[in-house]
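Participant: model the following, please.
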Amino acid sequence: MNSPICYGLAVLFVVLIGVDLGVFGGRVRARRPADALAWSLAWLAVGVGFAFFIYGFYEFGWQGNDPGAAGRLGGAGAAARFLGAFLTQKLLCVGAMMMTALIFAHLKLSLPAQRRTLFWAVFVSLILRALVAVAGIHTIRSQDWTAYLLGGAVVYSGAALMAATHRNRRPSRNLLVKLAARRSPLKVNSPKADFFQEVRRGKAMTHAFIALLMAQSVAFGFAVSSLPATAVFTRDPFIMASSAACACLGFQSLYFVVAAWLDRLRYFKIALGASIALFGIQFLLSPYFGLPPAATAIWLAGILGAGALASWRHRDAAPLLSPLADDLEELGAISVSQTRRVVILTMGLSMIVLGVLFMLTPLPGWLTVFAGFGLLSVEFVWARRWLKVLRDRAQLLRKVWSNESNAE
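Facilitator: Below is the predicted model of the structure:
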């Protein structure tokens with residue numbers, strides 16, 4: 001691997017995750033569903049656009065291998081496998097957010113409590129996914145007996161998602177809640193966002209802290225499931241790691257999208273759970289029966305499409321309870337102009353960071369940076385100032401080079 005490029009990618013993802021957590025973190029403040037949808041689409045576009053980098057990374061041998069070496073994965077094949085792995089990881093993120101929303105709905109968390117609990121749940125979930133990715137990639141490639149445990153975990157996660165409702169999320173059955181109850185057996189449902197509250201008999205766990213523990217159980221299960229599910233499309237370590245990093249962008253915004261429309265996604269949830277379980281079965285059978293990635297994409301699109309259609313046609317059939325049901329009027333709708341600013345900010349910053357990264361490769365880095373500032377300048381005054389500074393510097397360098405060439 002090319003170390004400067006790998007280090008640059010690590011910095012890129014840290015910056016983008018920081019943007020996500022910074023925008024949705026901080027104060028206990030809710031996000032409007034349309035605002036969250038705009039962010040989710042922007043993060044999805046960033047992940048899909050990263051496939052172009054994967055193409056160049058493998059097509060032109062930036063990873064240090066000979067581009068014409070026999071058996072080496074080509075750019076088109078690598079990009080296709082990355083897209084399959086990335087979309088699979090994203091579907092697992094949707095499933096995790098559905099389970100989290102059902103937990104919040106069962107415990108009837110207030111909006112401030114949802115915000116704070118979600119922030120810490122996502123923060124710990126990102127750490128868990130990083131640790132699982134580091135520890136599990138070798139296991140996936142070796143296909144030893146532990147790989148079958150991972151495949152079983154995927155099947156279990158899919159089945160749990162299919163059966164989950166807001167009524168059967170029982171904290172008394174959760175291992176982490178049981179362990180925490182030994183230290184703090186008292187429980188109280190506080191409308192505030194505190195995890196603990198002082199009562200007469202001591203310190204009591206709030207429903208927000210119980211929800212956090214249950215959400216971490218869900219996050220660990222889906223983090224473990226992400227590797228074998230991704231291995232259905234590829235077992236290349238770099239593609240698996242980069243697709244997981246791209247899929248982790250926009251966790252919090254994805255929650256508010258899922259939670260707002262959860263009551264309309266009953267059959268889609270079942271279809272998504274079935275798809276995840278089938279990923280596990282396909283991974284378990286992969287040493288004996290290999291299914292082409294294109295065939296996997298076809299059955300996946302068919303199942304999810306059928307679930308989405310059934311949810312749309314039977315919208316009144318025993319809907320799931322949304323944790324935002326009592327707050328949607330307060331959240332309201334975002335204006336078109338604000339949505340546009342959100343998308344432009346995300347895409348522009350991503351182009352600038354990618355441009356800096358491209359400077360380490362044959363790709364046009366400065367051109368991408370200029371394009372990013374140009375996009376940001378459509379909505380932001382500070383970007384116009386920076387664009388003017390860069391344009392002036394570029395013209396000055398052009399004059400210097402022109403004078404030097406004339407002198408020669």
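Participant: so which residue is smack in the middle of the chain?
Facilitator: Nearest to the geometric centre of the chain sits residue 248, at 2.7 Å (CA atoms, centre = their mean).
Participant: ok, it - contacts?
Facilitator: Shown in contact with residue 248 (CB atoms under 8 Å, 6 or more residues apart in numbering): 17, 89, 93, 126, 129. The C-beta positions use only the backbone N, C-alpha and C, and glycine is treated the same way.
Participant: please redo it, this time with the cut-off set to 7 Å
Facilitator: 17, 126, 129 (CB atoms under 7 Å, 6 or more residues apart in numbering).
Participant: now the buried members of those.
Facilitator: Buried by 16 or more other CB atoms under 10 Å: 17, 126, 129, out of the contacts of residue 248.
Participant: could you point out which element follows the helix or strand harbouring the first one?
Facilitator: By that I understand residue 17. Using DSSP states H and E, residue 17 maps to helix 3-24. Using DSSP H and E, the helix or strand that directly follows helix 3-24 along the chain is helix 33-59.
Participant: run the chain-centre distance for that next one.
Facilitator: Chain-centre distance of helix 33-59: 10 Å, with CA atoms, centre = their mean, to the nearest Å.
Participant: beyond that helix, next helix or strand please.
Facilitator: Taking DSSP H and E, what comes next after helix 33-59 is helix 75-107.
Participant: where are the low-confidence patches of this structure?
Facilitator: 1-6, 22-31, 61-72, 136-145, 185-192, 201, 314-342, 357, 360-363, 402-408 (pLDDT under 70).
Participant: how about the strands of it, start to end?
Facilitator: Along the chain, counting by DSSP state E, strands occupy 187-188, 196-199, 202-206.
Participant: kindly calculate the angle that the last one makes with helix 75-107.
Facilitator: Read that as strand 202-206. Relative orientation of strand 202-206 versus helix 75-107 (axes from the mean of the first three to the mean of the last three CA atoms, to 10 degrees): 130 degrees.
Participant: tell me which other helices or strands strand 202-206 touches.
Facilitator: Packing partners of strand 202-206 (3 or more CB pairs under 7 Å, 6 or more residues apart in numbering; DSSP states H and E): strand 187-188, strand 196-199.
Participant: partners of it in the sheet?
Facilitator: Here strand 202-206 is paired, per DSSP bridges, with strand 187-188 (parallel), strand 196-199 (antiparallel).
Participant: so how far is residue 148 from the closest residue in space to residue 246 that isn't next to it in sequence?
Facilitator: Leaving aside its sequence neighbours, residue 246 sits nearest to residue 47 (CB to CB, 6 or more residues apart in numbering; 3.7 Å). To residue 148, residue 47 is 29 Å away according to CB to CB, to the nearest Å.
Participant: dump the residue contacts of the nearest residue to residue 348 once chain neighbours are set aside.
Facilitator: Once flanking residues are discounted, residue 348 sits nearest to residue 376: 3.7 Å by CB to CB, 6+ apart. Contacts for residue 376 (CB under 7 Å, 6+ apart) come out as 344, 348, 383.
Participant: hang on, isn't the second one packed against residue 372?
Facilitator: Yes: contact status for residue 348 versus residue 372: in contact at 4.9 Å, counting by CB atoms under 7 Å.
Participant: residue 99 versus residue 386, what's the distance?
Facilitator: Where residue 99 is concerned, residue 386 sits at a distance of 42 Å (CB to CB).
Participant: these two: which is more packed in?
Facilitator: residue 99 (25 against 15; other CB atoms under 10 Å).
Participant: ok, residue 275 - contacts?
Facilitator: Residues near residue 275 by CB under 7 Å, 6+ apart: 91, 300, 303-304.
Participant: of those residues, which pair is most distant in space?
Facilitator: 91 and 303 (10.8 Å; CB to CB).
Participant: quick one, which of residue 47 and residue 148 is more surrounded?
Facilitator: Under the neighbour definition other CB under 10 Å, residue 47 and residue 148 were set side by side, and residue 47 has more, 22 against 14.
Participant: who's in contact with that one?
Facilitator: Residues near residue 47 by CB under 7 Å, 6+ apart: 86, 246-247, 249.
Participant: stretch 151-163: how far from the chain's middle?
Facilitator: Put simply, stretch 151-163 sits 19 Å off its chain's centre (CA atoms, centre = their mean).
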